[in-house]
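A.B. asks: coords please:
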Amino acid sequence: MSDRRDLELVLESGTPVIVIETTDETRVLELLREIAVSRSASSYRPLFRWSITDGIQRLDLELEAQRHNADPEEALRHIRATGKPGVFALLDFHPFLKEPVHIRLLKDIATNRPLGDTTTLADAGVVDVIQSAAKSGKDDD
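C.D. replies: Sure thing, here's the model as predicted:
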């Protein structure tokens, strides 16, 4: 199977947080963009990228970055509060997981959204937090 199809299947599974380990970030973002723009209107989910340098930026449309969402906590609060489906790629987020509020917000995003509504993609440094959230589920709310 192709990388694109594999990624598409994972996104369609409704998994709220996906960890991707890659040395080719540009390729992953391009695959995500291709998937986003090829979806039908009924299954369309906008694609966003977050980085500490640019904040949140929509990638499926050519829009300016929202630099006011460059702060990791503000970005996660924005994702949690978003009332519409979407895919959010968090680039190089793992250094910010030393903060308990970031861990809690990521767990909230993973456990409190409708299945398949929001998918957050993060780099491999987030694996331990995701595994912890999966084990605890909603027990520690």
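A.B. asks: Flag every buried residue along whichever strand or helix holds L29.
C.D. replies: Using DSSP states H and E, L29 maps to helix 25-38. Buried positions in helix 25-38, judged by neighbour count with 16 or more other C-beta atoms under 10 Å: 28-29, 31-33, 35-36. Using the backbone N, CA and C atoms, a C-beta is placed for each residue, glycine as well.
A.B. asks: again with stretch 82-98
C.D. replies: Neighbour counts over stretch 82-98 (16+ other C-beta under 10 Å) mark 82, 86-91, 93-94, 96-97 as buried.
A.B. asks: do you know how far the nearest residue to I56 once chain neighbours are set aside is from P46?
C.D. replies: Distances taken as C-beta to C-beta, 6 or more residues apart in numbering place N69 nearest to I56, at 4.3 Å, with adjacent residues excluded. As for N69, its distance to P46 is 15 Å (criterion: C-beta to C-beta, to the nearest Å).
A.B. asks: of those two, who's got more company?
C.D. replies: The residue with more neighbours, out of N69 and P46, is N69; 20 against 17, by other C-beta atoms under 10 Å.
A.B. asks: just how off-centre is the helix holding L29 within its chain?
C.D. replies: 13 Å (C-alpha atoms, centre = their mean, to the nearest Å).
A.B. asks: next one: stretch 77-92
C.D. replies: For stretch 77-92, the distance to the chain centre is 6 Å (C-alpha atoms, centre = their mean).
A.B. asks: which residues sit against that stretch?
C.D. replies: By C-beta atoms under 8 Å, 6 or more residues apart in numbering, the list of residues contacting stretch 77-92 from outside reads 11, 25, 28-29, 32, 36, 45-52, 56, 59, 69, 75, 105, 108-109, 112, 116-123, 126.
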